[in-house]
Structure formats: structure tokens, C-alpha cells
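Visitor: Just a sequence and a predicted model for now, questions to come.
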Amino acid sequence: MTNPTGPLVFVQFYLDCLSHASYLVGDRTTGRAVVVDPQRDVNDYIATAERHSLTIERVIETHIHADFLSGHLELAERTGARISYGSAGTLDFDTDPLDDGEHLSLGEVDLEILHTPGHTLESICVVVREHAGDAIPYGVLTGDTLFIGDVGRPDLLSARGCSAEEMARALYHSTRERLLTLPDDTRVYPAHGAGSACGKNLSTELSCTIGIQRRSNYALADMTEDEFVSVVNEGQPAAPAYFAFTSVRNRQARPVLDEDTPIPSLTPDAFLEARAGGATILDTRDPESFASAHVSGAVNVPLGGRFAELVGEVLDARDGIILCGDPATAREARNRLARIGFDRVLGALTTGVDAVGAEYLTAAVRVEAAALAGQLAEGADGFELVDVRGLGEVRDNGTIPGARLIPLPELVARLSELPTDQPLTVFCASGNRSSVAASVLRARGFDTTDLRGGFSAWHGEVAHPADTAPGGVPA
């Protein structure tokens, strides 16, 4: 914790739904502050700065993010702040680039810039000192270079001319020659926690120290560069499809979000007109409510949990979206979609789905674990069983015998692998992602059910150890 009478103001913001951490760093003696890696809806940063009598004068991005659309343009418009990236970054708008070793003074508080390529080419870390001459920094903001328990994945740039091996070699040197030279008592503050697809072994802890990470982080263990390349690239989760879109969008001078703007309201007739015009229907209710009755062709992504990320895994940001569900949550849904750059929300149904008319509604079948076990006992030739969990989940927990593994982020790209002449039954861990997957498949013409309660229900109600297939190799 910072000293409440000292010059440093340090605030961590954490967005659970994207496992995203951002930071406000300020100096009480001068009233000057910066925000690092902001989310797109920026009201909280501005309110926090006001509470501490601080003026946000700069936005620092540790790299060009892929997993969320950053709020640098929003903060710049609202506060007049300058935008800074590492000098290796190439952006389509004016920035104040930061060189390796550069110091930014907020008064007594000092920020030192370290270039740390590896996750991306332009990645930087920001060393925070409460006083410029402090031998032990207060902390280091590590972006996606170093997480608690992991390092940033090096494979996301492979499609843009840099191989995963090349990036991993750069990351090896950045961690050993830059971050591990900091004193052991230096606090580590990363840009992500557990659940993020930017790494494979992220901790639920939101901060740590260099010393503890030196001893406990598998990627910082004593190993050769070649060993590091192998261990870090192995087993990375499937990247959501929206990552490619968002990383490009973060480079661009795009429209800014006004998170307080009301969302357009759609009457049932206007909603159906938009549907007929090709808009994607996004139903944000829970899976059971969706299954009982929903507009035919709708995709179900429940608003709780990792809503925006799941939407980004199965929908296209270029498509127009119309929302249905609880009208009171429409603005929240719009803003959460905007956090990943899904800005084409055309409006939201102002009533319950029943108001559109029974002729437009359908129901979804959710199979119970015991019933699925009975079907499998009779023979699985009549349907295809699809596991939409991640590879790591399957390796750790096993799967249902005979299931084909297609992680949800890969589902839309791998539709051609699925049979069109027999029913599909999909499952995940608890029944949330399977409802998403099943609705996507039904919207594309597949005859699909999903397992209520997911693999947890199967394991708890049906499976014995011998009945659960070991994980590891996708079908």
C-alpha cells in the first residue's frame, strides 16, 4: 500500500469480465497523473483522479492490445491527455512515443520506461518510484510481458511477419535482462489476471514481487533460451477470433465511446424489421430462460461473466447487432461490447421476447447427463458429441468418451468439420458456453442440443473414473 501522506497515488482497477488490470499513478505534490492501459469506458479513471485532486496528463499503453479496445482516445478527448506508446509502436494517430530508459517525472514520483519486446514488438514496462532516487522501486507495471505465474504469449504476432519463436526469444531476453534485474522487493503489477487468453497459467493474484516471481514463475526458472521458447509456446489456448480485429482497431483513429449515451430502443415491429434486414440477434438472458423461448436464429450469450469475450469468440464485429433480454441491462451490454470494439449495436428490444409473436419464437432442448449417458450406452452413431472447452481444461479433467474437441474460440472457423446429416450435442464445463455454442450452431442450420450442467454434471452424476476419457488430443 502507498503511504497516504507520501507523494505517490497508486490505484489498480480490475475488470473481472476481461481479466484486465489498469492503473492510475499520480503525485500528490503536483496533482499530475497518468493512466496506464485503460479500458474503453473511462468514467472511473476521471472520477478517481478528481477524488485525489489529480489531473490526468498522459495515457501510457504498455503495448497495442488485442484482447480489449483501449480507452486512450476516450481519455485524451475527455482530459486533453497525451497518448504514449513505446517508440517501436506504429499508430495511425498522434502519439508522444517513449524511448527505452526514458524517465517521466510527475513531480517527486518518477516513471522509468523499459522496452520489453516479446509479447508484442512495442511492449514496454513502467517502473514506478515514489521518489526519483529510490533504490527499490515501488513497483513495475508489466503489461503483458510478465504476469503473476506466467509471461505473455509470444504467438499472437505470428500472422504479421514475426514467428512465435522469434517473439519468444525476445521475451526471454526482456524478462532476464530487464525485469529480473529489478530488486526482489519491487512489486509486480500486470495488465491481466486468471482467465485471460493472453497467457496460459495466470494466477488469480493481482500483484506480487519480482523476488517471488523469480522463485515461483515457471517461465522465469533457470533454463536456456531454447528451453524457454519450447515451454512458453507449448499449450497456449486458442485466441478468440476478435483479437485480430481489436489489435488493428487499437492502432486506428476510431470514433470514441460515450458510455452514457442511451441505446436506441426497438419496438417489436422495429426489432423484427432489423432481423429481416440481416441483423444478428444477441439474446443476453441466462441459458435456461433462452432455452424456454427465444427468437428463432438468436445467439445466446448470457450477460454475466465473460460476456464480451464470448461474443467476440462467435460473432463478427462488422455485423449489426440487435439486443434482446432484460431492457434494463441493454446499456450495460452495449458498453461491454464496446470494450472489445463491437460498436455496431443497432438497438435493443424494449419488451420481453414474447412480444414479438409466437410465430417468431422457438425453444431449445437441453439434455440431462443421465439421458446423455443412456444415449451413449445405446450407441453414439446417431449423433455427434462436441466438447467446446479449452484444451487445458480437457487435459486437466478429461472428457466424455467419443467427444470431438472444438474449443469455442475455434467453433465458427471449424464448422465444416461437423456433420450436417446428424444431430449434435455440445457441452462445456457448466452449461454456459455450450448454450452459446448450441445457439450459434442452430442459427447456422445444425440440429443441436446441449448438456445441461456441462461436464460438471456428467462427472458428478454419471461418470466413474474409468468412464471419463483422458484429455489431450483433439478429434
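Guide: Nice, I can see it.

Visitor: how is this structure carved up into domains?
Guide: Following automatic domain parsing, one finds the domains of the chain at 8-249, 265-362, 366-432+442-467.

Visitor: Can you say which of these is nearest to Asp258?
Guide: domain 8-249 (8.5 Å; CB to CB). All C-beta atoms are positioned from the backbone trio N, CA, C, and that covers glycine.

Visitor: what is the mean pLDDT for that closest one?
Guide: Regarding domain 8-249, the rounded mean pLDDT is 95.

Visitor: And the next helix or strand past the strand or helix carrying Val436?
Guide: Here Val436, judged by DSSP states H and E, is contained in helix 432-443. Beyond helix 432-443 in the direction of the C-terminus, DSSP H and E gives the next helix or strand as strand 448-451.

Visitor: List of residues touching stretch 68-78?
Guide: Here stretch 68-78 makes contact (CB atoms under 8 Å, 6 or more residues apart in numbering) with 18, 20, 35, 37-42, 45-46, 56, 59, 61, 81-83, 93, 246, 249-250, 253-254, 256-257, 338-341.

Visitor: quick revisit: pull the CA atoms of the helix holding Val436 into CSV?
Guide: Once side chains and other backbone atoms are set aside, the C-alpha atoms of helix 432-443 remain, and they are given as CSV (Å, rounded to 0.1, in the frame of the first residue of the first chain):
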residue,chain,number,x,y,z
ASN,A,432,-22.9,-21.6,-20.2
ARG,A,433,-20.5,-21.9,-23.2
SER,A,434,-22.5,-24.8,-24.5
SER,A,435,-25.6,-22.7,-24.7
VAL,A,436,-23.6,-20.1,-26.7
ALA,A,437,-22.2,-22.8,-29.0
ALA,A,438,-25.5,-24.6,-29.5
SER,A,439,-27.3,-21.3,-30.4
VAL,A,440,-24.6,-20.5,-32.9
LEU,A,441,-24.9,-23.9,-34.5
ARG,A,442,-28.7,-23.8,-34.6
ALA,A,443,-28.5,-20.3,-36.2
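
Visitor: could the domains of the chain go into CSV alongside mean neighbour count and distance to Thr2?
Guide: Shown next, in CSV, are the domains of the chain (neighbours: other CB atoms under 10 Å; distance: least, CB to CB, whole Å):
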stretch, mean neighbour count, distance to Thr2
domain 8-249, 20, 5
domain 265-362, 19, 28
domain 366-432+442-467, 18, 36
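
Visitor: longest helix of the protein?
Guide: In terms of residue count, the longest helix belonging to the chain (DSSP state H) is helix 164-177.

Visitor: now that one, how far from the chain's geometric center?
Guide: On the basis of CA atoms, centre = their mean, to the nearest Å, helix 164-177 is displaced by 23 Å from the centre of the chain it belongs to.

Visitor: Farthest out from the centre of this protein, which residue is that? Tell me.
Guide: The outermost residue of the chain, judged against the average C-alpha position, is Glu378 (40.2 Å), by CA atoms, centre = their mean.

Visitor: Torsion angles phi and psi at that residue?
Guide: Dihedral angles phi and psi of Glu378 (degrees, to the nearest 10) take the values phi -80, psi -10.

Visitor: re earlier: tell me which residues are up against whichever helix or strand comes after the longest helix of the chain.
Guide: For helix 164-177, the succeeding helix or strand toward the C-terminus, using DSSP H and E, is strand 187-190. By CB under 8 Å, 6+ apart, the residues outside strand 187-190 that reach it are 12, 21, 23, 138-144, 146-148, 206-210, 213.

Visitor: let's see it at 7 Å
Guide: In this structure, residues lying in contact with strand 187-190 by CB atoms under 7 Å, 6 or more residues apart in numbering are 12, 21, 23, 138-142, 146-148, 207-210, 213.

Visitor: hey, C-alpha coordinates of that strand in CSV?
Guide: As requested, C-alpha coordinates have been extracted for strand 187-190 and formatted as CSV (Å, rounded to 0.1, in the frame of the first residue of the first chain):
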residue,chain,number,x,y,z
ARG,A,187,6.0,-5.1,-6.7
VAL,A,188,4.8,-6.6,-10.0
TYR,A,189,1.5,-5.2,-11.4
PRO,A,190,0.5,-6.9,-14.7
